[in-house]
Every structure is written in structure tokens, then in C-alpha cells.
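Asker: sharing a model prediction with you, sequence too.
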Amino acid sequence: MNRIRRLLGAVSASVLMLGGMVGMAGPAGAAHVQCGEVITASVTLDSDVGPCPDFGLHVAASGITVNLNGHRVFGANGPEETAGIHLMNVSGVTVTNGVVEGFDAGVAVDGGRGNTIENLVVRNNINDLSTTEEEPCIYGDGITTNGSDNNRIVSNQAFNNGPYSGISLVGDSDGNLVQGNLVQDNNVSNILPNGDEGPCGPFLASGPGPGRPHQDIGIRIEGPGANNNRVEANTVRHNQLNGITVHGHVCNPPPPPDGMPPRPPQDPNTNNTISANIVERNGTPDTGASPTEPTDGISLLRQGPLTVVCVAFNNTIEGNTSVLNGRHGVFLGAPTKNNTVNRNVVNSNTGDGIRVSGRPVQNGQPVIDPTTGQPFPGAVDNLLFQNQGAGNVEHDGHDDNPDCDNNRWKNNKFATVNQPCAADKGGKGSVGRGDGANDGWGVSNHPR
């Protein structure tokens, strides 16, 4: 589900030589702004901006406010990849109070730090390359950061953006806060008119890969190297695949083509916190996802070959409500480790409430790590405590590692589990059949 992205330094530099330069003395005086203008001082719009055949507004000065003043910045989505509001390596900028729609990305924060994106409606921002061309895509989100730290993305609404995400943190984006947003119905498929998969594809260590037809996620921490971000108190519902995802990273790059230098490993996505979100009805059949796709409420995913890509680790998933999703409520892919999953409510998901992956196998045999010669581990050394789950079709708590390996399940309140260790140490839950037959609290060795 990951894909090639690049910093838009060349684009940022070039636009400074194009279009108008707008410099206003302060946000109090409303200004008439046109498509493609470069904003260098605080401005309050006096009218809609658009339809823009290229970028909407470029923000090229730090410490200013761009107040849309209830107006729209809207695009005609021309042949180039464009953003409605483009922050170009700036810091301390606030963009607020309006609608951004009809571009390849609604708001793109490239470089810089400490910006605030708030009280916007970002909708219908769809990368047109996903349906018309065959070349790698950069954009495809409602709001995206690329290599930008300590931004606040708060109290926005993100609808029908794609084919990547409602909100995404891409590249080395650290310490960002994604809070209080409504991220809903981002269900854009990456399919060309002839039915082939479009070019907005996953990242491959060897370069751009073929696209995936379905990859639209509500909120994604993509990275690589996205650390210490907080995703909290958002409502994330009815998105095409997962609700909230932390992606993996290329930890074992394959040999490069002849004559090319070796590729270094990527940095992992670590120490991110996903808390107090409502995550519901993501990845259900009516969002366009295939039943065979990983469509979880909240997930740590590998999204690549096991011998190449490693799963994020040292992340915290706490206090969320993840219900009615197309597969698991919370999913820890293998091999991840040292994550904390606590105080979540995981009810009525089509798979498990919480699923912890076991040791990967292929054709019935353990997959061998070529660097160690040993089998890859499962998801291990995770702490899962005080979670509640009932009514999930398979199990409420499910650990695929024999005797839960080094995972610590404590004080969880489940109806069914797949093995006793998943209801261990003060927990509740009977070993169920995994077919949704027991929808109430179980009574065996762990009575309510």
C-alpha cells in the first residue's frame, strides 16, 4: 500500500519564479487572490479561488496565516500533479477556515515544520493519473505532509480523496499531531479506464511498482522514518481499506540493478501513538475493497515481501473504539515487536477483535530470514491489556504464536479467544470456535 513519493524541492523552487506574489499586511484586510499566486504575508480571502488549472496557492513565507474566510480553493485537475494549498518548506504557517477541492492533493506540506492546518473541508482531491495515465504518482490525499515535523492537523473534514489517503504523514515526518478530524468515505480506486491497475502504486525497493487497485486508507503514517506522531480523537469511518495504518519500511533492500549503487535500508516508523479514535466500518464490501484484502480498523502492516520489508514497532494503540470493520479491529503484522495495545474496544469486526500474527509460513514451512538463517519471528514482545471485545466473527482476542510466545495479554475482557493465553492474567474469555457462534461473554476457565 506504500508508494513512491519524492520531495517537491524542484517544484517549490520553480513556482517562486511563476505567477504573482501576494503580500498583505495582515489577515484583517480581505484580499482578492488568484490561482497560482505565491503568498508571502498573511491574507484573508474575499472570494473563491478557481477553477485552477494548476496549483491553487503556494505559501512561501513562514509565520503567516492563510484564512480562506469560508471560501473555496478549487481546481480543474489538469494534467500535472497539483495541490490546492502548497506549503513550501515553511514553518509556523496557519491555513484555516475554508474548502479545498478538485486537486491531486488538497493541502500538501513539503518540508518545514510547526504549521497548523485546521478547520478545513478537503474533499474530492483525486490524483487524475490514477485513472488516465501510466506514470508514478506523488499526490493522492486530502492532507499530506512530506518530510515535515511538528505540524498540527486538527478539526478538518476529509472526504472522497485518493487513491491514497484522507490524511497521510509521508517520509521523515516526526512529532505531528493529527487530532479531531472527520476522515470519511475516502474510497477512490486506482483503476484505469481499460480496467488495468493505475500507476499510483506501492513502493518497491527496486523502484516504482505496479499500482494496487484499492489502497485508499483513512489516516496513514507512511514514512519511512515517521516517528513520535500522535493520531488522536479522530472519527475515521467507511474508508476503502484500513481506518488507521502505520506502514512498514524496507529493511533488507534487494541487490540493485547492474551498475547501480546499493540502496541503504529505510528508517522504521516508531513511537507513534494512536489513541481515542472512533474507527468504524472501514474496508467493508460497500467501500469497494476486495474480501481478500487486509481491511482492518487499526493496523501495523508490512505491505511488501517479508524478506525485504519489516513492520513498524514500538508503537502504542490505546483507548480506541474499533468496530464493524471489514477484517480485524486491531491487527499487528509480523514481524513486529514491543507495541502496546491497551484499553481498546473492539466489537463486531468481520475477523478478530485483536489479531496478533504468528511466525510467517509459506507452503506450510517457516520463512527463513536470509540475514540470520533462522525463521522469521511472529509479532512478539507486545503488551496487550485491559481491552474489551465481543461479537467479532472469529475471535475477540487472537494470538497466532504458540502459547502467545512473549506477548503479554493481561486483564482483557473478551467473549472468545483462540487459546487460553489470550485471556491470561486476570482476563476473561473462553476458547471459542472462531465462527462467531459465541457473541456473549464466555464462561469456561475465565468466567465474567
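Answerer: Alright, I've got the coordinates.

Asker: endpoint to endpoint, stretch 322-337 covers what distance?
Answerer: For stretch 322-337, the first-to-last residue distance is 21 Å (CA to CA, to the nearest Å).

Asker: cool, and stretch 413-422?
Answerer: Start and end residues of stretch 413-422 are separated by 10 Å (CA to CA).

Asker: low-scoring stretches of the stretch 201-350 of the chain, by residue?
Answerer: In the predicted model, the stretch 201-350 of the chain carries pLDDT under 70 at residues 202-211.

Asker: on the three-state scheme, residue 403 is what?
Answerer: Under DSSP: H, G, I helix; E, B strand; the rest coil, the three-state class of residue 403 is helix.

Asker: in contact with it, which residues?
Answerer: Shown in contact with residue 403 (CB atoms under 8 Å, 6 or more residues apart in numbering): 419, 421. Where you see a C-beta, it was placed from the backbone N, CA and C, and this is true even at glycine.

Asker: one more pass at 7 Å, please.
Answerer: For residue 403, the contact set (CB atoms under 7 Å, 6 or more residues apart in numbering) comprises residue 421.

Asker: please enumerate the helices of the protein.
Answerer: Using DSSP state H, the helices of the chain run over 9-15, 129-132.

Asker: which of those has the lowest mean pLDDT?
Answerer: Lowest mean pLDDT of the helices of the chain: helix 9-15, a mean of 35.

Asker: what's the closest non-adjacent residue to residue 52?
Answerer: residue 35 (3.6 Å; CB to CB, 6 or more residues apart in numbering).

Asker: so the one you found sits right up against residue 50, yeah?
Answerer: Yes: if you go by CB atoms under 7 Å, residue 35 and residue 50 touch, sitting 6.3 Å apart.

Asker: any common contacting residues for these two?
Answerer: Taking CB under 7 Å, 6+ apart as the criterion, residue 35 and residue 50 both touch residue 56.

Asker: list the contacts of the residue sitting nearest the centre point of the chain.
Answerer: Nearest to the mean C-alpha position of the chain, counting by CA atoms, centre = their mean, stands residue 220 at 0.8 Å. Under the criterion of CB under 7 Å, 6+ apart, the neighbours of residue 220 are 165, 168, 245, 247.

Asker: can you do 6 Å?
Answerer: Neighbouring residues of residue 220 by CB atoms under 6 Å, 6 or more residues apart in numbering: 165, 168, 245.

Asker: which of those residues ranks first by neighbour count?
Answerer: Neighbour counts for the contacts of residue 220 peak at residue 165, which has 33 neighbours (criterion: other CB atoms under 10 Å).

Asker: sorry, back to before: now the residue nearest to residue 52: how far from residue 46?
Answerer: For residue 35, the distance to residue 46 (CB to CB, to the nearest Å) stands at 15 Å.

Asker: which one of those two has more residues nearby?
Answerer: Neighbour totals were compared for residue 35 and residue 46, and residue 35 leads with 21 against 12 (other CB under 10 Å).

Asker: circling back: what's across from the residue nearest to the centre of the chain in the sheet?
Answerer: residue 168, residue 245 (DSSP bridges).

Asker: hang on, the residue nearest to residue 52 packs against residue 54?
Answerer: No: under the criterion of CB atoms under 6 Å, residue 35 is not in contact with residue 54, lying 7.0 Å apart.

Asker: what are the ranges of the strands in the stretch 251-400 of the chain?
Answerer: Taking DSSP state E, counting those that start in this stretch, the strands of the stretch 251-400 of the chain run over residues 273-275, 278-280, 298-300, 309-310, 316-318, 321-323, 330-332, 340-342, 354-356, 361-362, 365-366, 383-385, 388-389, 397-399.
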